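Peer 1: model this:
(2 chains)
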Protein chains: 2
Amino acid sequence: MNYIDKTRQKIGIIGGGQLGKMMILEAKKLGFYVTILDPTKSCPASSIADQHIVADFDDSKAIRELADKSDLITYEFEHIDAEVLKELEAEDYKVYPTARSLEIIQNKYHQKTLLKQNQIAVPDFIKAEVIEDIYKTGDDFGYPLMLKSCTGGYDGKGNLVIKNETEVEKAFHKLAGEKNPLMVERYIPFKKEISIIAARDLKGEMRVYPIGENDHQDNILFETKVPAEISAELKNKAESLAKEVLEVFAGIGIFCVEMFLTENDRLLINEIAPRPHNSGHYTIEGCVTSQFEQHIRAITSLPLGDTGLLRPVVMRNILGSGNEGEAEIIGLESALEIKGVKVHIYQKTISRPGRKMGHLTVTANALKIAAEQALKASQLIEIRGG
Amino acid sequence: MNYIDKTRQKIGIIGGGQLGKMMILEAKKLGFYVTILDPTKSCPASSIADQHIVADFDDSKAIRELADKSDLITYEFEHIDAEVLKELEAEDYKVYPTARSLEIIQNKYHQKTLLKQNQIAVPDFIKAEVIEDIYKTGDDFGYPLMLKSCTGGYDGKGNLVIKNETEVEKAFHKLAGEKNPLMVERYIPFKKEISIIAARDLKGEMRVYPIGENDHQDNILFETKVPAEISAELKNKAESLAKEVLEVFAGIGIFCVEMFLTENDRLLINEIAPRPHNSGHYTIEGCVTSQFEQHIRAITSLPLGDTGLLRPVVMRNILGSGNEGEAEIIGLESALEIKGVKVHIYQKTISRPGRKMGHLTVTANALKIAAEQALKASQLIEIRGG
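Peer 2: Residues are numbered from 1 along each chain as shown, chains lettered A, B, ... in the order given. All right, here's what the predicted structure looks like:
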């Protein structure tokens, strides 16, 4: 017969955290077979994956095993050895997003350089190879300055604000500038931080989600409100920017494009993630097609789904509180009493202060109501080390 | 510490078909541990369950093993030996819905008798122990008549329409009336068949879903449209009826109440299912809380969720076509091209003509559009034995 049953494709995911778990929940609706690779036996995705290769993320033999068991490979986080993925691609394995996209994105200096080369606005930045580079940039840009590790950072880890000249040396050593590549960025006092989840498929088709407005606490996302309260003009600009970014990186699957809205209404790209993103969790209840289903559709050559917003929606993270220890969930009942509240528990065995243990989403007829209910619910539920 | 972490409860499900699978997909969002009992190793729920006891549904030892592994037991279909569940309850195992509810419902004659005793309108019915009972009822009600097996029927199996007196004997033998308990019902020429999904928790709290309008083909549900196009008065009546039914059966969890809307605008109860139901699949995309999440919430003592409709929605079943054989999915891509279409593939290995292999759901701003898109999508997708 002359057709391909797309659901016969086996999907391999590098990483079995909450993003992997939420990908699988969608992949299973469509009937796909999924194997994960994750070093933690009891990782969030483990109980719903068809197979679990328990191995380190830098175990190239294990990644190859995953590729052999799968028709295509994707990943839920960006700190993977791109060289291994490149080798696989050279042998005709399918890796989405491609190793090339990943390689550029995982080095922030290369990421921003490519954006700049394509006339996409980013905060001014300079490579910081030696301490003197920072002093020079300080004279140039003024203080405060952002110092960043070019690789390996997440949730603000690897980023430092240098308030003035006296902090330069300490900051350089703290981020181990002697051995790690660093970069300096102009500090951007922004009005809002927004993010756009966007999907691009193998044919280059793109779909953009409604814009989310993000709030961070201690560099970790704690709230996303959708739709963002910005002008229609800015909305259009932001959407075009997101599409340009996906074109530049030849993205396949879901990407997250974080932007600053500056005090004089400019949009600057802050960071790109080549995967479903925390600030896109609202799409599960808020949109016709969730970011996770969209990712699965894109990488399996199924058509992209409707990204329309069903109702205003607010997402809040549930971070570990109290001590480190076996996770205990307190107040789930009271949180679920509130109208429109949905709770996602990631099933991480151990809770640590600040660790992402779950999230909650509230949809309502008005954003104000959703935000109020989300605040209330997040004050009632707690996950902590017992 | 003085609290109960509800998500530590382990859930046991008798049955690992599509209903079990969809229950698990919701249970996993909330972080529950789930064990299933199903004789088929590759049943739809198997790949996402934490544990799978491969055993027959009437294997009382296996059911006891499931109970021992779980803090509470539920089921996805009603043809289970209620005696085993009663024994478990007597030993303080938790079974939801209770064995008593199940026992009455699984015998249609007992089900309707209890409804009638509680002044809830049902089609007239009579027990048919011998052929003469049917002739007598024929004289009384007139023809056509409905002949039904009191136990074991589903999807119209076990039901027969007797057009006239000459068909009585054949019908009685066809349903094996010599050994199986049968009943005769007055044939109801109805305007519409509607169903209400309703939930009741352990405290007796109830939530009712928007009314669905059902169409059957060859006695199998093929389409549900929501909201049903009936007057506000009838809507209120139907909702009250559904609540009365749940009270009468002391239901715990999700129940489906199927009703006939007669030509003179009366509402008669057709059938009750003590579980999530095919005609409630629209709640996954159409409502704030799906029937599956609601069921999990109810049986784990979590508060019931919002049953509000997000948008008009149409669900269509995808039944096996062609021959019996290994399932092949054709046209998934074209179906997903249509705006608002969501496809659920149950992952049954073998397709048989008429077997429920999946379903599709379309949400849209107007019911008419959703219905048109659902029709189009269902003409494009096909699952058949290869």
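Peer 1: contacting residues around A:Ser195?
Peer 2: By CB atoms under 8 Å, 6 or more residues apart in numbering or on different chains, the contact set of A:Ser195 is A:211-212, A:214, A:224, A:256-259, A:277, A:279-280. For the C-beta atoms, the positions are set from N, CA and C on the backbone; glycine is no exception.
Peer 1: A:Ile194 now?
Peer 2: By CB under 8 Å, 6+ apart, the contact set of A:Ile194 is A:211-214, A:228, A:230, A:238, A:258-259, A:261.
Peer 1: Would you list the phi and psi of it?
Peer 2: The phi/psi pair for A:Ile194 (degrees, to the nearest 10) reads phi -120, psi 160.
Peer 1: ok so, going back, out of the contacts of A:Ser195, which are close to chain B?
Peer 2: Among these, no residue lies close to chain B (CB under 8 Å from any CB of the partner chain).
Peer 1: Could you tell me which of these belong to strands?
Peer 2: Members of the contacts of A:Ser195 lying in strands (criterion: DSSP state E): A:212, A:214, A:224, A:256-259.
Peer 1: and which of those residues is nearest chain B?
Peer 2: A:Thr224 (18.0 Å; CB to the nearest CB).
Peer 1: ok so, going back, will you turn the ones in strands among the contacts of A:Ser195 into JSON lines that also has neighbour count?
Peer 2: Formatted as JSON lines, the ones in strands among the contacts of A:Ser195 follow (neighbours: other CB atoms under 10 Å in any protein chain shown):
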{"residue": "A:Gly212", "neighbour count": "29"}
{"residue": "A:Asn214", "neighbour count": "20"}
{"residue": "A:Thr224", "neighbour count": "31"}
{"residue": "A:Cys256", "neighbour count": "23"}
{"residue": "A:Val257", "neighbour count": "29"}
{"residue": "A:Glu258", "neighbour count": "19"}
{"residue": "A:Met259", "neighbour count": "27"}
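Peer 1: Go through those residues and say which is closest to B:Val343.
Peer 2: Taking CB to CB as the measure, B:Val343 sits nearest to A:Cys256 out of the ones in strands among the contacts of A:Ser195, at 25.6 Å.
Peer 1: if we can go back for a sec, now for the contacts of A:Ile194, which pair is the farthest apart?
Peer 2: Within the contacts of A:Ile194, A:Ile230 and A:Glu258 form the most distant pair, 14.4 Å apart (CB to CB).
Peer 1: which one is the residue of the stretch 151-300 of chain A found nearest chain B nearest to, not counting chain neighbours?
Peer 2: Nearest residue of the stretch 151-300 of chain A to chain B (CB to the nearest CB) works out as A:Val288 at 5.9 Å. In space, and not counting its chain neighbours, A:Val288 is closest to A:Asp306: 4.0 Å by CB to CB, 6 or more residues apart in numbering or on different chains.
Peer 1: Is that neighbour in contact with A:Glu293, as I believe?
Peer 2: No - A:Asp306 is beyond contact range of A:Glu293, at 10.5 Å (criterion: CB atoms under 8 Å).
Peer 1: Show me which of those two is the more surrounded one.
Peer 2: A:Glu293 (27 against 16; other CB atoms under 10 Å in any protein chain shown).
Peer 1: Before I go, just wanted to say thanks for your time.
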